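Colleague: Prediction below, plus the sequence it came from.
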Amino acid sequence: MLVAMGEAWFAVLPDSDAALGAAQALNACAPQVVCHPSGRPWLVGGWSAEDVRMATAGSTQVAVIGCCPVTAADLSSRIEQVRKVGDLDRLAGELPGSAHLVASVAGKVRVQGSVSGVRRVFSTRLAGATVATDRADLLAWLTRAGLDEQRLAVRLISPLLPHPLADQSCWRGVEALPADHYLLIDGDGTSRAVRWWRAPDPVVPLAEGAPAVRQALATAVEARVRAGGTISADLSGGMDSTSLCFLAAGRGATLITATWGQADPGSDDAVWAERAAAELEGAERLFMGHDELPAMYAGLRQASAEVEEPYRWVRTQARLAFLAGLLAGRGSQLHLAGHGGDEIFSLPPSYLHTLVRTHPWIAVNHLRGHRALRRWPLMGTARALWDHRCYAEWLTAAAKSLASPPPPRHIPFCAWGPPLRLPPWVTSEAVSAARDWLRQAASAAEPLAREPGQHEALQYARVAGRAARQASRVMARAGLRLAVPYLDDRVIEACLAVRMHERSTPWRYKPLLAEAVRGVVPRALLGRATKGVFDADAYAGLCRHRGELIDLFDEPVLARLGLVKADALRAVFLGPHPFTSSLIALDPTLACEVWLRALGALDRSTSPVESGAAP
């Protein structure tokens with residue numbers, strides 16, 4: 001559970017004497033301290049100078065922590081007119097890159113992360129005051145917080161954890177800030193969450209939106225490569241990674257492209273990656289054959305999983321760590337990945353729910369294409385489009401059907417998300433606990449956007465953001481930083497502003513991205529209509545490591561907590577899996593079990609910072 005030396009972390013304290021006790025508790029593991037204009041401790045932690053820009057104007061002090069191409073002088077000029085924390089909304093809505101924004105304004109404190117969840121904020125009460133950090137495990141250690149076992153039951157849901165449950169911490173007393181809010185800490189040490197960001201209305205035509213997306217992407221990539229040196233980037237052959245490679249090439253940094261081989265002999269990813277590599281002048285190419293890579297599900301017993309929360313990509317963690325070590329050994333200091341591209345440039349079928357009401361003739365055309373591609377039955381499609389439930393009603397219905405059999409594979413769902421299910425190996429107690437949490441959430445839940453398609457797009461972007469946040473720490477152990485430009489706030493905003501039926505269509509693959517990078521990426525590479533998948537890799541890894549998986553669940557921690565039935569779970573590894581949906585349902589259980597074992601191996605008497613435990 002080691003991380004790279006010098007990995008950044010921070011904690012934020014209110015501007016009051018009530019925070020002095022919390023500051024004293026943090027001083028034991030905080031090599032750096034920055035004070036409020038009043039002289040009281042404000043920011044404590046450990047960070048490198050390149051990760052933090054600070055500015056002061058009168059009684060306002062601001063810190064931008066992370067990747068953001070803003071200078072201290074520019075930041076200083078932007079905050080000259082700030083008189084209250086709400087005045088920072090404009091600054092927060094303009095900063096490019098991916099960073100936390102922390103401010104001290106006239107005795108009040110504002111702390112916020114990123115819209116995608118790549119940058120998160122957690123808080124708790126410590127020594128009588130609210131303390132905010134970018135690390136849930138640090139707060140859990142400071143307060144000796146216990147696990148919330150009921151929330152673990154919710155995390156066994158697949159295919160995703162719905163909003164707002166996905167924002168919740170697994171630790172009792174440690175609160176996770178919703179990604180579209182900032183935390184406002186008053187002078188007396190109390191706090192509240194304030195929503196400052198909303199998804200844009202999808203009204204911009206493709207012709208107008210594509211240049212804005214191109215500019216946002218170019219700025220996002222430039223923010224990462226401007227320092228020069230050696231960087232690396234995924235080059236899978238897909239449009240997302242290919243576009244990032246061409247945006248990064250020729251900008252002053254030495255580029256290494258990394259391509260993974262696949263177990264599926266029918267995948268054409270490698271062919272398209274080869275074509276792209278031939279057009280990238282001066283880039284070094286690294287190709288890793290399928291047999292050279294750790295198999296999926298490798299090393300789960302030894303996986304040093306993140307201790308902040310279960311890691312949903314845990315079955316590929318050994319492969320990710322292997323890649324990071326290989327690239328770091330070649331001199332790469334930063335790795336560009338296309339995570340988030342699928343989520344913001346493609347839309348789930350729920351966009352049709354809005355389209356049939358706003359542009360019915362266009363909807364007929366789209367429905368014809370989707371029905372042909374996905375074999376949707378006519379009546380099932382009609383029922384899905386007729387679904388008028390609000391988000392709270394949808395969540396309530398999802399709670400009722402958690403233990404129901406999986407729905408038919410070719411039935412579309414055009415409400416607020418895919419059908420939510422708990423796997424058959426969970427206990428009745430786990431089902432009851434998960435239902436309670438969903439019903440409680442439904443009582444006050446609001447969607448992330450007014451349109452179901454827009455809501456789902458943003459929800460999937462946050463799923464990718466949280467996973468990328470944890471993947472970045474896996475790679476950091478090898479000394480390699482991970483960057484995911486598609487999940488920058490300004491990129492997400494530019495994409496979500498485009499009309500949904502123009503950024504996703506059954507007749508063309510990712511039209512918004514294709515138009516945004518036209519002229520940057522060679523035309524021949526923008527015409528790909530296929531997409532490789534890693535289903536064969538999953539089957540091969542399951543076959544190779546079946547014995548280890550059975551051994552891992554011989555005495556599962558989840559069973560001791562009363563959440564799963566060990567016998568039923570072990571039987572899963574011995575049975576057939578005709579569709580990968582059953583493996584997807586297994587991922588959350590694997591993630592939770594590996595996470596619990598990692599916590600059991602962690603010495604809770606030692607700070608995660610001092611011990612080098614994953615932040």
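Modeller: That came through, no problem.
Colleague: low pLDDT regions in this structure?
Modeller: 1-7, 303-306, 601-615 (pLDDT under 70).
Colleague: domain assignment for it?
Modeller: For the chain, automatic domain parsing gives the domain ranges 9-195, 206-344+455-533, 350-453, 537-606.
Colleague: In TSV: those domains, plus mean neighbour count.
Modeller: All C-beta spots, glycine's among them, are computed from the backbone N, C-alpha and C. TSV is the format used below for the domains of the chain (neighbours: other C-beta atoms under 10 Å):
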stretch	mean neighbour count
domain 9-195	20
domain 206-344+455-533	21
domain 350-453	17
domain 537-606	17
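Colleague: Quick one: end-to-end length of stretch 195-210, please.
Modeller: Criterion C-alpha to C-alpha, to the nearest Å; first-to-last residue distance in stretch 195-210 is 28 Å.
Colleague: no wait, stretch 394-407
Modeller: Span of stretch 394-407 from end to end, C-alpha to C-alpha: 16 Å.
Colleague: host element of the residue most central in space within the chain?
Modeller: Closest to where the C-alpha atoms of the chain average out (C-alpha atoms, centre = their mean) is G465, at 1.5 Å. Secondary structure from DSSP states H and E places G465 in helix 452-476.
Colleague: I'd like the next helix or strand past that helix.
Modeller: Next along the chain after helix 452-476, taking DSSP H and E as the criterion, comes strand 481-483.
Colleague: Packing partners of that next one?
Modeller: strand 334-336, helix 452-476 (3 or more C-beta pairs under 8 Å, 6 or more residues apart in numbering; DSSP states H and E).
Colleague: and the helix holding G465, how far out from the chain's middle?
Modeller: 2 Å (C-alpha atoms, centre = their mean, to the nearest Å).
Colleague: V44 looks like it's in a strand, true?
Modeller: Yes: counting by DSSP: H, G, I helix; E, B strand; the rest coil, V44 is part of a strand.
Colleague: wait, what's in contact with it?
Modeller: F10, A11, L13, A23, L26, N27, A30, Q32, V33, V34 (C-beta atoms under 8 Å, 6 or more residues apart in numbering).
Colleague: For R285, list each beta-bridge partner.
Modeller: T257 (DSSP bridges).
Colleague: quick one, what contacts it?
Modeller: R285 touches L235, I256, T257, T259, A277, counting by C-beta under 8 Å, 6+ apart.
Colleague: V426 too?
Modeller: V426 makes contact with A153, L156, L563, V564, K565 under the criterion C-beta under 8 Å, 6+ apart.
Colleague: Which of those sits closest to A449?
Modeller: Relative to A449, the closest of the contacts of V426 is L156; by C-beta to C-beta it sits at 26.8 Å.
Colleague: now for whichever helix or strand S77 is part of, which elements pack on it?
Modeller: Following DSSP H and E, one finds S77 within helix 72-78. On a contact count with 3+ C-beta pairs under 8 Å, 6+ apart, helix 72-78 meets strand 52-57.
Colleague: Return the list of strands paired to the helix or strand following the strand it packs on, each annotated with direction.
Modeller: Downstream of strand 52-57, the first helix or strand assigned by DSSP H and E is strand 60-67. Partner strands and pairing direction for strand 60-67 (DSSP bridges) are strand 52-57 (antiparallel), strand 98-105 (antiparallel).
Colleague: where exactly do the helices run in the stretch 101-250 of the chain?
Modeller: 136-143, 149-154, 206-225, 239-248 (DSSP state H, counting those that start in this stretch).
Colleague: Between those helices, which one is closest to E548.
Modeller: Closest approach to E548 among the helices of the stretch 101-250 of the chain is made by helix 149-154 (22.7 Å; C-beta to C-beta).
Colleague: Tell me the helices and strands packed up against that closest one.
Modeller: helix 428-442.
Colleague: Tell me which other helices or strands the helix it packs on touches.
Modeller: Applying 3+ C-beta pairs under 8 Å, 6+ apart, one finds that helix 428-442 contacts helix 149-154, helix 391-400.
Colleague: Now distance to E292 too, for those helices, in a markdown table please.
Modeller: Output for the helices and strands packed on helix 428-442, formatted as a markdown table (distance: least, C-beta to C-beta, whole Å):
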| stretch | distance to E292 |
| --- | --- |
| helix 149-154 | 36 |
| helix 391-400 | 42 |
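Colleague: who wins for proximity to D551 among these?
Modeller: Within the helices and strands packed on helix 428-442, the stretch nearest D551 is helix 149-154; the backing value is 21.9 Å (C-beta to C-beta).
Colleague: how about the CA coordinates for that closest one, as PDB?
Modeller: Presented in PDB, the C-alpha positions along helix 149-154 are these (Å, rounded to 0.1, in the frame of the first residue of the first chain):
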ATOM      1  CA  GLU A 149     -21.500  -1.500   6.700                       C
ATOM      2  CA  GLN A 150     -24.900  -0.500   5.300                       C
ATOM      3  CA  ARG A 151     -23.200   1.800   2.800                       C
ATOM      4  CA  LEU A 152     -21.000  -1.200   1.700                       C
ATOM      5  CA  ALA A 153     -24.300  -3.000   0.800                       C
ATOM      6  CA  VAL A 154     -25.100  -0.200  -1.600                       C
END
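Colleague: From the chain's centre, how far out is it? Work that out for me.
Modeller: Centre-to-centre, helix 149-154 and its host chain are 20 Å apart (C-alpha atoms, centre = their mean).
Colleague: what does that helix contact?
Modeller: Contact partners of helix 149-154, identified using C-beta under 8 Å, 6+ apart, comprise 161, 165, 168-170, 426, 429-431, 433-434, 436-438, 558, 561-563, 592.
Colleague: Also stretch 360-371?
Modeller: In contact with stretch 360-371 (C-beta under 8 Å, 6+ apart) are residues P349, L352, L355, V356, W376, L378, T381, P412, H501, T505, P506, W507.
Colleague: could you redo the last one with a cut-off of 7 Å?
Modeller: For stretch 360-371, the surrounding residues in contact (C-beta atoms under 7 Å, 6 or more residues apart in numbering) are P349, L352, L355, V356, W376, T381, H501, T505, P506, W507.
Colleague: same check, this time on stretch 561-579
Modeller: Residues outside stretch 561-579 that contact it (C-beta under 7 Å, 6+ apart): 149, 152-153, 156, 424-427, 429-430, 546, 549-550, 553, 556, 558-559, 583, 586, 589.
Colleague: 8 Å - rerun?
Modeller: With C-beta under 8 Å, 6+ apart as the criterion, stretch 561-579 contacts 149, 152-153, 156, 409, 424-427, 429-430, 539, 542, 546, 549-550, 553-556, 558-559, 582-583, 586, 589, 592, 596.
Colleague: Kindly check the end-to-end length of that stretch for me.
Modeller: End-to-end distance for stretch 561-579, by C-alpha to C-alpha: 29 Å.
Colleague: again with stretch 572-585
Modeller: Taking C-alpha to C-alpha, the first and last residues of stretch 572-585 lie 11 Å apart.
Colleague: All set now, cheers.
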